[in-house]
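Novice: following is a predicted model, sequence given first.
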Amino acid sequence: MLAMNYRGPYRVRAEHKPDPVIEHPGDAIVRVTRSCICGSDLHLYHGLVPDTRVGHTFGHEFIGVVEEVGSGVQHLKVGQKVLVPFNLFCGSCFFCDRELYGNCHNTNPQATAVGGIYGYSHTAGGYDGGQAELVRVPMADVGPMVIPDDIHDDDAVLLTDAVPTGYQAAEMGDIKEGDTVVVFGAGPVGIFAAKSAWLMGAGRVIVVDHVEYRLEFVKRYAQCEVVNFKEVQDMALHIKKMTDWLGADVCIDAVGCEASGSAMQTITGRWTMMQAGAATVLHWCINSVRKGGNVSIVGVYGPTFNAVPIGNALNKGLTLRMNQASVKRHLPRLIEHIRAGRLNPKEIITHRVPLEEVSDAYHIFSGKLDNCIKTILIPPN
Ligand code: NAD
Ligand code: ZN
């Protein structure tokens with residue numbers, strides 16, 4: 001089959017590799033009809049995630065048609081069209097019982113923090129992902145959801161990650177009626193965090209980025225105020241000025257680690273840490289939120305950071321929450337919002353690219369070129 005293959009930092013290629021096979025009775029093989037590139041893939045692409053091996057296929061956002069099921073699969077049927085949450089989860093461990101699917105204990109042999117994630121390095125279990133023609137889906141009765149007939153495929157593929165992650169970002173902010181919410185990052189996750197903030201009763205939503213076309217998009221799409229951080233000298237001061245000197249009630253980090261200015265991984269896998277100015281967005285969140293406010297972090301951090309103003313956070317009495325999204329938990333509610341017209345995820349899709357051109361697609365998305373917000377990869381079926 002054709003699949004995206006990682007060759008090293010900033011180098012990915014579409015290559016032929018063996019078709020995946022059923023390895024356990026609970027597995028299914030899914031023929032991918034659409035996959036996306038996510039901001040999380042960029043951390044891999046930039047070489048910021050440990051144990052990203054050459055030959056690994058990325059892609060944790062995909063939908064497709066069930067091609068084959070293992071002998072132990074009871075509910076999923078060949079021919080069904082499914083969306084597959086980015087987390088692999090068993091559905092029955094201590095963490096899954098608490099709907100912490102992103103922290104499943106049984107899907108990642110390392111089991112230190114995160115559970116299994118498709119196409120997200122050996123740190124997240126080493127499962128090949130869906131930027132391919134075919135993908136092996138373990139525990140196929142647990143994760144995948146049959147796509148309802150009235151849900152468009154383009155919406156369905158965005159329900160595998162970007163929409164529920166933005167939604168969970170807002171949820172973890174514990175937004176109260178009338179709250180002022182500042183979202184850092186106007187990528188897909190930040191865009192849906194802004195949309196979700198309104199759904200949860202925010203009175204004011206401000207989105208911060210420096211990519212002008214994204215700020216223009218989110219301003220129109222999510223009816224929010226925007227700030228270009230390149231035009232601001234002191235972010236916390238700026239947000240305070242905008243909020244009667246109180247600060248925001250809730251700050252959301254939808255950025256995570258950036259290839260420039262946070263940390264660098266050499267080819268040999270050693271880390272070069274930059275102390276000062278590391279994790280810019282965490283500083284901005286902690287310093288821009290009001291005393292007693294909430295900081296919600298969904299931006300992903302590959303390396304360790306130790307220049308976070310944790311003393312400020314303590315003195316201000318902040319609540320910090322963070323996690324990988326538990327995608328499946330949010331799906332019923334999000335599908336209702338789509339049906340009611342309150343969410344239109346597919347409007348953020350700007351690019352449709354044949355899988356063969358995956359290298360160009362990463363280059364464009366990573367460089368924020370060509371007004372790119374969300375790219376769909378189409379396999380050659
Ligand atoms: P993206 O790369 O498309 O968007 C990130 C945006 O942040 C870009 O527009 C960039 O210009 C902007 N940015 C960079 N530095 C900034 C700063 N200092 N302040 C404000 N904005 C800044 O990525 P995305 O797909 O929207 O994902 C966003 C983050 O969410 C990534 O870190 C990704 O790994 C993470 N993520 C987390 C989960 C989860 O479950 N926790 C799931 C999906 C994605
Ligand atoms: Zn993703």
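Specialist: Nice, thanks for sending it over. Numbers count the residues shown, from 1 in each chain. Ligands and ions are numbered 1, 2, ... in the order given.
Novice: ok now do the residue nearest to P85 when sequence neighbours are not counted, which residues does it touch?
Specialist: Spatial nearest neighbour of P85, chain neighbours left out: V327 (3.5 Å); criterion: Cβ to Cβ, 6 or more residues apart in numbering. For glycine as for every other residue, the C-beta is placed from the backbone atoms N, C-alpha and C. Contacts for V327 (Cβ atoms under 8 Å, 6 or more residues apart in numbering) come out as P85, F86, N87, Y101, G102, L159, T160, D161, P164, T165.
Novice: can we see that at 7 Å?
Specialist: Remark: with contacts taken as Cβ atoms under 7 Å, 6 or more residues apart in numbering, V327 is in contact with P85, F86, N87, Y101, T160, D161, P164.
Novice: tell me the residue of the stretch 1-150 of the chain that sits nearest ligand 1?
Specialist: G39 (1.9 Å; Cβ to the nearest ligand atom).
Novice: for the stretch 101-250 of the chain, which residues are neighbours of ligand 1?
Specialist: When proximity is defined as Cβ under 6 Å from any ligand atom, the stretch 101-250 of the chain approaches ligand 1 at 161, 165, 184-190, 208-211, 214, 229.
Novice: rerun at 5 Å
Specialist: T165, F184, G185, G187, P188, V189, V208, D209, V211, R214 (Cβ under 5 Å from any ligand atom).
Novice: which one of those is nearest to ligand 2?
Specialist: Of all those, the one with the least separation from ligand 2 (Cβ to the ion) is T165, at 6.9 Å.
Novice: which pLDDT value goes with that closest one?
Specialist: Listed pLDDT for T165 reads 98.
Novice: coming back round to it: now the contacts of V327 in JSON lines, with secondary structure?
Specialist: Shown next, in JSON lines, are those (DSSP: H, G, I helix; E, B strand; the rest coil):
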{"residue": "P85", "secondary structure": "coil"}
{"residue": "F86", "secondary structure": "coil"}
{"residue": "N87", "secondary structure": "strand"}
{"residue": "Y101", "secondary structure": "helix"}
{"residue": "T160", "secondary structure": "coil"}
{"residue": "D161", "secondary structure": "coil"}
{"residue": "P164", "secondary structure": "helix"}
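Novice: out of those residues, which are close to ligand 2?
Specialist: D161 (Cβ under 5 Å from the ion).
Novice: ok, the residue lying closest to S40 once chain neighbours are set aside - contacts?
Specialist: Of all residues not flanking S40 in the chain, V300 sits nearest, at 5.3 Å (Cβ to Cβ, 6+ apart). V300 sits next to S40, H43, G256, C257 when contact means Cβ under 7 Å, 6+ apart.
Novice: and the closest residue to ligand 2 within the stretch 151-300 of the chain, what does it touch?
Specialist: Nearest to ligand 2, among the residues of the stretch 151-300 of the chain, is D161, at 3.7 Å (Cβ to the ion). With contacts defined as Cβ under 7 Å, 6+ apart, D161 is in contact with C38, H60, E61, F86, V327.
Novice: mind checking which of these are in strands?
Specialist: Judged by DSSP state E, strands contain none of the contacts of D161.
Novice: of those, which is the most crowded?
Specialist: Most neighbours among the contacts of D161, by other Cβ atoms under 10 Å: E61, with 32 neighbours.
Novice: which SS state does the residue nearest to that one when sequence neighbours are not counted fall under?
Specialist: Excluding its sequence neighbours, the residue lying closest to E61 (Cβ to Cβ, 6+ apart) is C36, at 4.0 Å. Using three-state DSSP, the secondary structure recorded for C36 is strand.
Novice: and the residue of the stretch 151-300 of the chain that's closest to ligand 1?
Specialist: Residue nearest to ligand 1 within the stretch 151-300 of the chain: G187 (2.1 Å; Cβ to the nearest ligand atom).
Novice: quick check: closest non-adjacent residue to that residue.
Specialist: G187 sits nearest to G39 (Cβ to Cβ, 6+ apart), 5.0 Å away.
Novice: quick one, what contacts the one you found?
Specialist: G187, P188, V189.
Novice: how close does the first one sit to D41?
Specialist: Separation of G187 from D41 (Cβ to Cβ, to the nearest Å): 12 Å.
Novice: please list all residues in contact with the residue of the stretch 151-300 of the chain closest to ligand 1.
Specialist: G39, R214, A254.
Novice: what pLDDT does the model give it?
Specialist: 98.
Novice: next one: phi and psi at T107?
Specialist: phi -110, psi 0 (degrees, to the nearest 10).
Novice: next, count neighbours for it.
Specialist: 26.
Novice: repeat that for C93.
Specialist: 18.
Novice: give me the nearest residue to it, chain neighbours excluded.
Specialist: H105 (4.1 Å).
Novice: in which helix or strand would I find that neighbour?
Specialist: For H105, there is no enclosing helix or strand under DSSP states H and E.
Novice: separation between it and I29?
Specialist: 25 Å.
Novice: over to L134?
Specialist: 6 Å.
Novice: just to revisit the earlier point, so which of the contacts of G187 are in helices?
Specialist: Those of those mapping onto helices are G39, R214, per DSSP state H.
Novice: pLDDT and distance to ligand 2 for the contacts of G187 - can I get that in JSON lines?
Specialist: Converted to JSON lines, those look like this (pLDDT from 0 to 100; distance: Cβ to the ion, whole Å):
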{"residue": "G39", "pLDDT": "96", "distance to ligand 2": "7"}
{"residue": "R214", "pLDDT": "98", "distance to ligand 2": "17"}
{"residue": "A254", "pLDDT": "97", "distance to ligand 2": "12"}
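Novice: show me which of the contacts of G187 is closest to N294.
Specialist: Using Cβ to Cβ, A254 is the member of those that lies nearest N294, at 14.4 Å.
Novice: what sits against R31?
Specialist: For R31, the contact set (Cβ under 7 Å, 6+ apart) comprises G64, V65, E67, E133, L134.
Novice: residues in contact with I338?
Specialist: I151, D155, P345.
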